[in-house]
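Trainee: got a predicted structure plus its sequence, pasted below:
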Amino acid sequence: MTRRTVPAPPAESNGSLGEPRAVVGHYTPLFRRVAALNAAVVIGACVVTILVLSPKKLHSFAASEAIVLAAALALVVLINLVLLRRALRPLEALTALARKVDLTRPGQRVPVGGYQSEVTELATTFNEMLARLENERRDATRRVLAAQERERLRIAQELHDEVGQTLTAVLLQLGRSARQADPRLEAELLETQETARASLEDVRRISRELRPEALDDLGLTSALVALTERFSQGAGLKVRRDVDRELPQLSEEAELVIYRVAQEALTNVARHSGSDTAELTLTRSNGGLTLRVLDDGEGFDPYSGEGGGLRGMRERAVLVGAQLAVMRRPSGGTEVRLRMPLGAAAS
């Protein structure tokens, strides 16, 4: 039976590429078809051989002879099944991996044994294709994220330099006007001045979120301290932090990945966890850096699918060869863990 494509009412996503995937109808696996065909050929060959060499023997089998023949046929079929399973195992593994492969989780490969055949050649070619796709996706993601960071920096500078300076001038002018106005108008001008001051603080906050000045000027440790303090003040989230003082020299890209993952993880805690406390740690151990963001909130549902924020963290982790894990804690809550090898993070 061959494959057939049937219409699916809701299109099913293929996971890594996010495009609709046609639903494949049921069919008999290749292993069963080939095994059944080989068994039929073996049995037919035995019958034909008996008919040609000794036609009368077919009707005069003794019980012992029938048992020996049946055992021999069973042994031949069993050996055939073992050899077929060994030969077709890479093809079955390839099919299973192709249905669930996700390029944001690199390193997934089809196991290829020492038995050489067209099937193992296909599996090897598929693995090489996955490696090329991962490299191309990594390069494309690097270009996209670099463009995003440049645009963030441009917008942050414009907000700080143009909108911020304009609002500062408005504040000064309102203050002068309030001092020269009558008491009734002075109260209104002072209220307007406070509104403008709040708007200026919002502009500065948005500018810092778009491109953290502390990361560019003071380094990763100071940027993480400023990030946790900002969440404590703005979102009411009490963040306990533990950052190693002696961090290795990191590349600019690695520092940005760590900062953005921490920022997105704390944002998810503040918005979705229902917890008012979180913990952020950045430690060096076993030849790598480990960033952990923990909370004691509602926890992460692995069956609810990944949102844009989580996929964005995975894509950033891939850029520097890091591994990202999001898991439910045994005691309740969620843990986001980013493990970055020092060789990939070094500047």
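Mentor: Ah, there it is.
Trainee: tally up the residues packed near Ala254, please.
Mentor: Applying other CB atoms under 10 Å, we find 23 residues neighbouring Ala254. In this view, the C-beta of every residue, glycine as well, is placed from N, C-alpha and C.
Trainee: check Gly333 too.
Mentor: Neighbours of Gly333 under the rule other CB under 10 Å: 21.
Trainee: please name the nearest non-neighbouring residue to it.
Mentor: Leaving aside its sequence neighbours, Gly333 sits nearest to Asp296 (CB to CB, 6 or more residues apart in numbering; 4.1 Å).
Trainee: dump the residue contacts of the one you found.
Mentor: When contacts are counted by CB atoms under 8 Å, 6 or more residues apart in numbering, Asp296 is found next to 275, 277, 329, 331-333.
Trainee: same thing but 10 Å
Mentor: For Asp296, the contact set (CB atoms under 10 Å, 6 or more residues apart in numbering) comprises 269, 273-279, 329, 331-334.
Trainee: restricted to strands, list the residues you listed.
Mentor: Within those, membership in strands is found for 277-279, 334, as judged by DSSP state E.
Trainee: and those residues, which is closest to Leu227?
Mentor: Ranked by distance to Leu227 (CB to CB), those are led by Ala278 at 11.3 Å.
Trainee: on the strand side of things, show who that closest one bridges to.
Mentor: Counting by DSSP bridges, Ala278 forms beta bridges with Val239, Asp295.
Trainee: okay but Pro248 is in contact with Arg284, surely?
Mentor: Yes - here Pro248 reaches Arg284: they are 6.7 Å apart, a contact under CB atoms under 10 Å.
Trainee: now the common contact residues for those two.
Mentor: Leu342.
Trainee: what's the closest non-adjacent residue to Ile90?
Mentor: Not quite, residue 90 is Pro, not Ile. Counting by CB to CB, 6+ apart, the residue nearest Pro90 is Ala123, at 3.9 Å.
Trainee: contacts only, for that neighbour.
Mentor: So Ala123 contacts 89-94, 97, 109-113, 117 (CB under 10 Å, 6+ apart).
Trainee: filter those down to the buried ones, ChimeraX style.
Mentor: Of the contacts of Ala123, the buried ones go into a single ChimeraX selection, burial set by 16 or more other CB atoms under 10 Å:
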select :89,90,91,92,93,94,97,109,110,112
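Trainee: out of the contacts of Ala123, who's nearest Arg142?
Mentor: With CB to CB as the yardstick, the closest approach to Arg142 among the contacts of Ala123 comes from Arg109, at 22.5 Å.
Trainee: next, that closest one: phi, psi?
Mentor: Torsion angles at Arg109 (phi, psi; degrees, to the nearest 10) stand at phi -140, psi 160.
Trainee: likewise Glu134?
Mentor: According to degrees, to the nearest 10, Glu134 has phi -60, psi -40.
Trainee: for Val68, see how far away it is.
Mentor: Applying CB to CB, to the nearest Å, the value for Glu134 to Val68 is 56 Å.
Trainee: higher neighbour count, those two?
Mentor: Glu134 (18 against 12).
Trainee: so who does Thr120 touch?
Mentor: Neighbours of Thr120 in contact, by CB under 10 Å, 6+ apart: 87, 89-91, 94, 110, 112-114.
Trainee: please redo it, this time with the cut-off set to 7 Å
Mentor: Listed by CB atoms under 7 Å, 6 or more residues apart in numbering, the contact partners of Thr120 are 90, 112-113.
Trainee: do Leu294 as well
Mentor: 278-279, 329, 333, 335.
Trainee: could you do Tyr259 as well?
Mentor: Tyr259 sits next to 212, 215, 220, 223-224 when contact means CB under 7 Å, 6+ apart.
Trainee: so how far is Val320 from it?
Mentor: 12 Å.
Trainee: quick one, phi/psi of the spatially closest residue to Leu30 that is not a sequence neighbour?
Mentor: Nearest non-adjacent residue to Leu30, counting by CB to CB, 6+ apart: Leu88, 6.4 Å away. Per-residue torsions, Leu88: phi -100, psi 0 (degrees, to the nearest 10).
Trainee: same thing with Gly219?
Mentor: phi 100, psi 180.
Trainee: surely Glu255 and Thr221 touch.
Mentor: No - at 9.8 Å, Glu255 does not count as touching Thr221 under the criterion of CB atoms under 7 Å.
Trainee: these two: who's more crowded?
Mentor: Glu255 (21 against 18).
Trainee: coming back round to it: among the contacts of Leu294, which one has the most neighbours?
Mentor: Highest count within the contacts of Leu294 by other CB under 10 Å belongs to Ala278, 27 neighbours.
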